[in-house]
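A.B. asks: Coordinates for the following, if possible.
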Amino acid sequence: MKTRMTKLICILLCLLFCLTLLPACRRADPLAQNGIREVSLIKKGKMDILVTMNASTLEAHKKQTVCLYELFPGEKLSDLADREPVAEKKANGSVKFRIPVEENGINRLYSTFVVAFSDGTLLSEKAVGVKNPEFLATVKDRFPWVGTQKGYLNKEGVEDGWHMGATHTVVSVTLSDLLTGSDTLRFNDRQHSYSGACLNDLIARVSEATRTGMQTSLELVLDAQADLETVTALLEQMGDRFCEDASQGFVSAYVISPAEGASASYAADVAQLARLSLLSRVSQGRIYLHLGNRSYSDTVAYFSLLSEELSHRGFSQWGAMITPTCRTAPWESGAEDEVSVDKLPTLFKALNDLSLSPSYLAVSGLSYSAADEDLQAAMVAYAYRLAVGAGANEVYYEDGGESAYRLFTEDGGLRRAGRVFASMDLELSSEDLATVDALSLGNYAKLSETVSRRALTGDATLGSDGQKNTVLFDFSKNDTNGFSAVNGLSAPICEASASMGYPVLYTWLKATAQGGEGVRAIRPNGQELENAFSISLRLLLQNLETPTSKITLRLDGVAKNSAEHITFEATVEMNNDARWQTAIFYVGGFASEIDLSQPYVMTVYADTDAPEGTEYLMWLDTVEIRKPEKDMGPLMTLLIVLGASVLGFGVIFLLYKLSSKKKRAARYHR
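C.D. replies: Next comes the predicted model:
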């Protein structure tokens with residue numbers, strides 16, 4: 001019996017071994033595609049490259065090997081001459097190569113691959129790159145910040161945009177500036193020159209933009225045609241700093257802007273490299289192509305070429321950014337072949353008809369003269385509503401350059417256009433609505449509404465309410481908990497307080513005309529706010545001569561089951577007498593309405609009425625949160641009742657036994 005069982009096991013093992021050989025023995029599909037089907041990133045730092053060939057091709061090369069070759073960014077097939085293959089395998093209907101993503105100083109994330117037979121015949125001339133860079137991403141959330149469509153541009157700083165409710169901004173750098181320098185970096189085992197000063201300036205601007213709490217995009221203007229491997233090295237540098245190390249700022253989108261004369265092919269190459277760099281770190285990052293202000297016909301023609309080039313490179317999602325002319329009122333028709341605001345709906349429809357249509361749209365560079373402030377306000381409101389109604393995901397007002405186009409007056413106050421800009425995604429006042437509709441000849445009311453933000457106002461009190469809280473942010477352990485300064489002269493640091501005896505957070509601030517200087521933290525999600533009733537801050541302001549200040553807690557988040565942006569603000573007045581005071585903000589309404597899985601922004605800022613430029617200190621002790629005491633739950637309640645019942649029964653039974661024993665003893669003695 002044992003001998004028969006042994007033979008049966010041996011036969012089964014032989015059959016299993018034969019099954020493993022079947023893939024090598026199967027016949028090729030006569031209709032299979034010749035070449036690389038896909039390049040996929042897999043676990044443990046590897047990538048799989050699947051090669052297929054049809055039956056006739058396999059028959060013609062059945063005794064040869066298949067050789068895998070690697071092309072670096074910017075290389076052509078002619079560069080493969082005399083190059084050794086990365087790997088080789090026996091020709092078959094289906095061949096899979098598995099190679100490291102990084103090897104000997106080479107990063108293959110940006111490489112493309114071709115295969116050839118050992119006699120030099122190419123299986124296909126199409127080079128194929130990685131299809132799933134998001135596999136490597138450390139940030140895998142949905143598009144990392146989903147505010148309203150409202151964006152704000154200003155080369156002098158974007159903090160004012162945040163105060164007006166903007167949730168998007170763009171930081172721009174030219175390729176020529178990045179390349180003009182003698183600093184070097186190493187990539188793919190080669191040295192590349194770049195400008196360290198330009199990169200440091202970019203880091204400062206991205207960091208400042210990120211601190212506002214706005215979603216920041218990085219624009220790379222292609223005003224020079226550099227070697228693509230050098231561009232890749234720069235993208236790796238920026239990706240490491242802005243997409244992984246959020247301490248230097250966080251970028252969730254790239255905007256690739258080809259200057260006049262840059263070919264669509266080169267722009268698509270850079271866009272593809274930017275896509276690989278971004279998505280390998282931020283899985284839901286976005287890539288926009290931006291042409292600046294060109295004629296209508298040139299815009300459609302160039303985007304048509306870009307669509308074909310991107311499709312050829314395996315792009316699945318991309319965005320188009322448009323800068324319209326603002327020479328005329330947006331409700332009036334512009335020149336025949338210019339991209340005026342009134343033509344945005346028609347242009348967006350044309351772009352959506354492309355073979356590879358853009359997945360998202362943006363309008364940049366809106367800017368109107370304030371020669372007539374009422375007219376400026378009407379044009380800003382109309383252009384924004386028209387662009388959003390046409391399908392734009394982001395709409396930017398450019399508030400820089402000539403003062404006549406600014407949203408602010410010379411002394412820092414808001415013009416009427418600034419007040420309208422601040423309300424565009426909420427709801428215009430009846431007075432502003434009447435003005436805009438009258439100046440636009442009744443056309444404003446015909447446009448679809450653009451309300452996409454809800455503002456909540458909460459209550460606040462000064463002084464402790466005697467309730468038990470839990471610590472939300474503890475600075476006593478020398479951890480800033482990710483807080484950065486708003487209109488700060490220095491970054492917040494933790495330092496021991498003489499009065500408290502342990503480290504607290506402090507930062508130097510500078511009073512501005514608009515107010516609103518303080519500290520801010522961008523939190524990865526809102527789980528810590530679940531069931532929150534209130535947030536308590538213990539703080540003091542120092543070096544102020546004004547008797548009182550207003551302290552505001554602002555929270556920004558995303559509504560449940562929608563992209564609606566919710567802002568919460570509550571304000572309390574405190575004394576400027578250099579003593580610690582506790583402010584309590586009742587945040588229950590906000591905490592119950594936001595999507596707790598999404599990021600939220602917490603800002604604590606002061607309005608001091610101090611002269612502009614006054615420097616003062618903000619000290620912040622632990623931030624605490626109050627939640628309802630945890631309910632024991634029905635099961636725990638039942639267990640306690642049962643336990644008490646058993647205990648009570650036991651006591652009664654014990655008393656009964658003792659009583660019975662005494663009675664028996666009494667009868668015995670009697």
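A.B. asks: Every contact and neighbour count from this point should use C-alpha atoms.
C.D. replies: Noted.
A.B. asks: Now do G161 against E398, distance only.
C.D. replies: Going from G161 to E398 by CA to CA, to the nearest Å gives 10 Å.
A.B. asks: what's the overlap in contacts for those two?
C.D. replies: 152-153 (CA atoms under 8 Å, 6 or more residues apart in numbering).
A.B. asks: Those two: who's more crowded?
C.D. replies: The neighbour count for G161 versus E398, taken as other CA atoms under 10 Å, is higher for G161 (25 against 20).
A.B. asks: So which residues of the stretch 401-550 of the chain form helices?
C.D. replies: 416-423, 430-439 (DSSP state H, counting those that start in this stretch).
A.B. asks: ok, and which of those has the densest surroundings?
C.D. replies: helix 416-423 (a mean of 22; mean count of other CA atoms under 10 Å).
A.B. asks: what residues does that one touch?
C.D. replies: Outside of helix 416-423, the residues within contact range by CA under 8 Å, 6+ apart are 163-166, 373-374, 376-378, 380-381, 407-408, 428, 432.
A.B. asks: now that helix against helix 430-439, angle please.
C.D. replies: In terms of direction (axes from the mean of the first three to the mean of the last three CA atoms, to 10 degrees), helix 416-423 departs from helix 430-439 by 110 degrees.
A.B. asks: roughly how far is helix 416-423 from the heart of the chain?
C.D. replies: Remark: helix 416-423 is offset 26 Å from the chain centroid, using CA atoms, centre = their mean, to the nearest Å.
A.B. asks: ok, now stretch 105-122?
C.D. replies: Put simply, stretch 105-122 sits 34 Å off its chain's centre (CA atoms, centre = their mean).
A.B. asks: first to last residue in that stretch, what's the distance?
C.D. replies: Stretch 105-122: ends 27 Å apart by CA to CA.
A.B. asks: Does G196 touch G181 like I think?
C.D. replies: Yes: contact criterion CA atoms under 8 Å: G196 and G181 qualify, at 6.9 Å.
A.B. asks: neighbour-wise, which of the two wins?
C.D. replies: Neighbour count, other CA under 10 Å: between G196 and G181, G196 has more, with 17 against 14.
A.B. asks: wait, what's in contact with the nearest residue to the more buried one once chain neighbours are set aside?
C.D. replies: Spatial nearest neighbour of G196, excluding adjacent residues (CA to CA, 6 or more residues apart in numbering): D183 at 5.8 Å. Each residue near D183 by CA under 8 Å, 6+ apart is listed here: 193-196.
A.B. asks: Repeat that for R520.
C.D. replies: For R520, the contacting residues are 211-213, 483-486, 601-604, by CA under 8 Å, 6+ apart.
A.B. asks: Equivalent analysis for S497, please.
C.D. replies: Contacts of S497 by CA under 8 Å, 6+ apart are 503-504.
A.B. asks: again, but for A233
C.D. replies: Neighbour list for A233: 185-187, 192 [criterion: CA under 8 Å, 6+ apart].
A.B. asks: measure the residue nearest to G196 to D177 for me?
C.D. replies: Distance, D183 to D177, using CA to CA: 13 Å.
A.B. asks: Ok, T608 next?
C.D. replies: Taking CA to CA, one finds T608 at 40 Å from D177.
A.B. asks: what's the helix or strand for T582?
C.D. replies: strand 581-585 (DSSP states H and E).
A.B. asks: Thought M214 was touching H168, still the case?
C.D. replies: Yes: using CA under 8 Å, H168 is in contact with M214, at 5.1 Å.
A.B. asks: what separates whichever strand or helix holds L620 from the chain centre, distance-wise?
C.D. replies: L620 belongs to strand 615-626 when assigned by DSSP H and E. Between the centre of strand 615-626 and the centre of its chain there are 27 Å (CA atoms, centre = their mean).
A.B. asks: do the same with stretch 192-200
C.D. replies: 25 Å.
A.B. asks: That one - what's its average pLDDT?
C.D. replies: What stretch 192-200 shows for mean pLDDT is 94.
A.B. asks: cool, and stretch 597-607?
C.D. replies: Stretch 597-607 comes out at a mean pLDDT of 89.
A.B. asks: Can you tell me what sits against that stretch?
C.D. replies: Here stretch 597-607 makes contact (CA under 8 Å, 6+ apart) with 141, 144-145, 213, 486, 515-527, 549-558.
A.B. asks: Secondary structure class of G120, three-state.
C.D. replies: When classified by DSSP: H, G, I helix; E, B strand; the rest coil, G120 comes out as coil.
A.B. asks: tell me, how many neighbours does it end up with?
C.D. replies: Residues near G120, counting by other CA under 10 Å: 11.
A.B. asks: Ok, L179 next?
C.D. replies: Neighbour count of L179, defined by other CA under 10 Å: 21.
A.B. asks: can you give me how far stretch 452-472 is from the chain middle?
C.D. replies: Distance, stretch centre to chain centre, for stretch 452-472: 27 Å (CA atoms, centre = their mean).
A.B. asks: Please point out which parts of that stretch sit buried.
C.D. replies: 452-453, 458, 460-462, 469, 472 (16 or more other CA atoms under 10 Å).
A.B. asks: between these, which is closest to T614?
C.D. replies: Distance to T614, by CA to CA, is smallest for L462 among those, at 24.9 Å.
A.B. asks: Alpha carbons of the strand or helix carrying V300, as PDB, please.
C.D. replies: Taking DSSP H and E as the criterion, V300 maps to helix 296-312. C-alpha atoms of helix 296-312 as PDB (Å, rounded to 0.1, in the frame of the first residue of the first chain):
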ATOM      1  CA  TYR A 296      -8.400  81.300 -30.500                       C
ATOM      2  CA  SER A 297      -7.300  79.300 -33.600                       C
ATOM      3  CA  ASP A 298      -3.700  78.800 -32.400                       C
ATOM      4  CA  THR A 299      -5.000  77.600 -29.000                       C
ATOM      5  CA  VAL A 300      -7.300  75.000 -30.500                       C
ATOM      6  CA  ALA A 301      -4.700  73.900 -33.000                       C
ATOM      7  CA  TYR A 302      -1.900  73.600 -30.400                       C
ATOM      8  CA  PHE A 303      -4.100  71.700 -27.900                       C
ATOM      9  CA  SER A 304      -5.100  69.400 -30.800                       C
ATOM     10  CA  LEU A 305      -1.400  68.500 -31.400                       C
ATOM     11  CA  LEU A 306      -0.900  68.200 -27.600                       C
ATOM     12  CA  SER A 307      -3.800  65.800 -27.400                       C
ATOM     13  CA  GLU A 308      -2.300  63.500 -30.000                       C
ATOM     14  CA  GLU A 309       1.200  63.700 -28.500                       C
ATOM     15  CA  LEU A 310      -0.100  62.900 -25.000                       C
ATOM     16  CA  SER A 311      -2.200  60.000 -26.300                       C
ATOM     17  CA  HIS A 312       0.800  58.600 -28.000                       C
END
